[in-house]
Structures are given as structure tokens and as C-alpha cells.
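here's a sequence, model it:
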Amino acid sequence: MNAAAISERTSELLVRFNLTTAGAELAGRLEQAGQHEALGLVLEVLEMEAEAREQRKIARLRRASQLPPGKTFDTLDLNALPPTLGRKLRELAGGDFSKAPSTCWPSAHPGWARVTPPARSATRWSKAATRCCSVPPISWCRNCSPPSAI
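Prediction:
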């Protein structure tokens, strides 16, 4: 890594750790003091801190999930789940969910718009629909069923 890349990465890590003043000043001050080698050492320590924070986050999330220690997606028996849920989990595991829109509006689907008159309130829509997620009551994710005739 060249000096500019080291300086930029050091500043980026410090800002990510909410040390904005240090992120703005540390690299420049070390270079002014002629301590170019020290900046590389500081970057190495900051990279170690970033990795340690990531590992602590993973451990915290695993504890919060209350899953058995050996339970991973690979050990999950998808045959025990309903087929649509199994497909959705495989899609989420593959990262395909980021490529498609997460919500769809009833007005985007002419068949849905005809089912319920526009004068009906959003609360009546949400009561009539089978919901699978926490999107706003007037919108539907692509797995939620449209409202039935009210």
C-alpha cells in the first residue's frame, strides 16, 4: 500500500469507530512529524480492532439468536418447512433478495386495485390481508397476498 492509501484507510477506520477528529487529523499529523512508518503500524492496529469488533458482533448476534452452537444454514432441514418458506430461505441465503424490489404497491397491480375500492381505509386493508412482514399497511411485500374483497 502506498502512503496515500494507508492514510485514507486509517482515516476511514477511525471515522467508522466514531473517532472523527482523530480520523481527520492523525494521518496528517504523523506525516508532518516524519513518522510514516508509525502510520503503517497504526493502520495495522486499527485493522485488528475492526476484525475484533466484527467477531464480537457475530458472537453477540449468535448469543441473541439462541441457536444451538452447531446450527448453521447448512444444517437446516428445508424439507421440514413449507415449500414456499424453503424457497424464500434459499433465496435469502443466496443474496437474491437485494436484486428485486422488496415491496409492491396495490396500484401497480391492476387486479389488486379492483378488489378493494380506493375509499376503503388502510386499516381495513391490513385486516383483510394475509401479511408476512412489517411493511406499511397500504403496501404489500412480494410474498404477501393481496387483500380479499371486503
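
all contacts plus neighbour counts: C-alpha atoms, from now on.
Fine.

which parts of this protein are helices?
Remark: helices assigned in the chain by DSSP state H are 3-16, 20-32, 36-65, 83-94, 110-115, 122-128.

separation between residue 95 and residue 88?
11 Å (Cα to Cα, to the nearest Å).

same question but for residue 32, I mixed them up
Distance from residue 32 to residue 88, by Cα to Cα: 55 Å.

more neighbours: which of those two?
With neighbours defined as other Cα atoms under 10 Å, residue 32 and residue 88 compare such that residue 88 has more, 14 against 10.

picking that back up, could you dump the helices of the chain into JSON lines with distance to residue 76 added?
Below are those laid out as JSON lines (distance: least, Cα to Cα, whole Å):
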{"stretch": "helix 3-16", "distance to residue 76": "34"}
{"stretch": "helix 20-32", "distance to residue 76": "42"}
{"stretch": "helix 36-65", "distance to residue 76": "15"}
{"stretch": "helix 83-94", "distance to residue 76": "10"}
{"stretch": "helix 110-115", "distance to residue 76": "35"}
{"stretch": "helix 122-128", "distance to residue 76": "32"}
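
for residue 77, find the nearest of those helices.
helix 83-94 (9.1 Å; Cα to Cα).

what pLDDT, on average, does the closest one get?
Per-residue pLDDT values over helix 83-94 give a mean of 85.

check stretch 64-72 too.
Mean predicted lDDT for stretch 64-72 stands at 83.

now do the same end-to-end measure for it.
End to end - Cα to Cα - stretch 64-72 spans 15 Å.

contact partners of it?
The contact list for stretch 64-72, computed with Cα atoms under 8 Å, 6 or more residues apart in numbering, is empty.

list the buried ones in it?
The neighbour-count check on stretch 64-72 (16 or more other Cα atoms under 10 Å) flags nothing as buried.

pretty sure residue 7 is touching residue 39, no?
Yes. Between residue 7 and residue 39 there is a contact under Cα atoms under 8 Å: 7.3 Å.

what sits in contact with each of those two?
Joint contacts of residue 7 and residue 39 (Cα under 8 Å, 6+ apart) are residue 27.

how's the chain carved up into domains?
3-65, 70-100, 101-141 (automatic domain parsing).

least confident of these, on average?
domain 101-141 (a mean of 48).
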